[in-house]
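Q: Here you go, sequence then predicted model.
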Amino acid sequence: QVQLVESGGGWVQAGGSLRLSCAASGVIFSINTLVGWYRQAPGKQRELVAIITSGITSYADSVKGRFTISRDNAKNTVYLQMNSLKPEDTAVYYCTIRPYGGQSYWGQGTQVTVSS
């Protein structure tokens, strides 16, 4: 059974930093495994924040230069380093993985709140 457990969310003042982690179990992490972070703010649709697929890293324009996605295949873990946080970054953040040729899996979400 595949399970994704996110951690690292919380409350921070504008300009601060947080590091989210997503630990995966029950699945083999390989270089071809797609990993990513999405977020959903109240009343808004879930949106892509950052993703690594086929060795290519992509970011939403709103987070470029502030957020960094990374992965540790040995630990089956995905990270999202978030710097220079803004109030508009407030949302529930979800990690996702998709093994090569397989289905997508999602974590339960972690709340990030940025106060002005």
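A: The structure has been received and is ready for your questions. Since the model is a prediction, treat every value here as computed from it, not as a measurement. Numbers count the residues shown, from 1 in each chain.

Q: now the residue nearest in space to the middle of the chain: how far from K64?
A: Geometric centre of the chain, nearest residue: W37, 2.8 Å, by C-alpha atoms, centre = their mean. Here W37 is placed at a distance of 14 Å from K64 (C-beta to C-beta, to the nearest Å). In this view, the C-beta of every residue, glycine as well, is placed from N, C-alpha and C.

Q: The nearest residue to D72 once chain neighbours are set aside sits in which helix or strand?
A: Closest residue in space to D72, ignoring its immediate chain neighbours: Y79 at 7.5 Å, by C-beta to C-beta, 6 or more residues apart in numbering. Using DSSP states H and E, Y79 falls within strand 77-82.

Q: could you measure the nearest residue to S115 once chain neighbours are set aside against V92, distance?
A: Once flanking residues are discounted, S115 sits nearest to Q13: 5.5 Å by C-beta to C-beta, 6+ apart. For Q13, the distance to V92 equals 19 Å [C-beta to C-beta].
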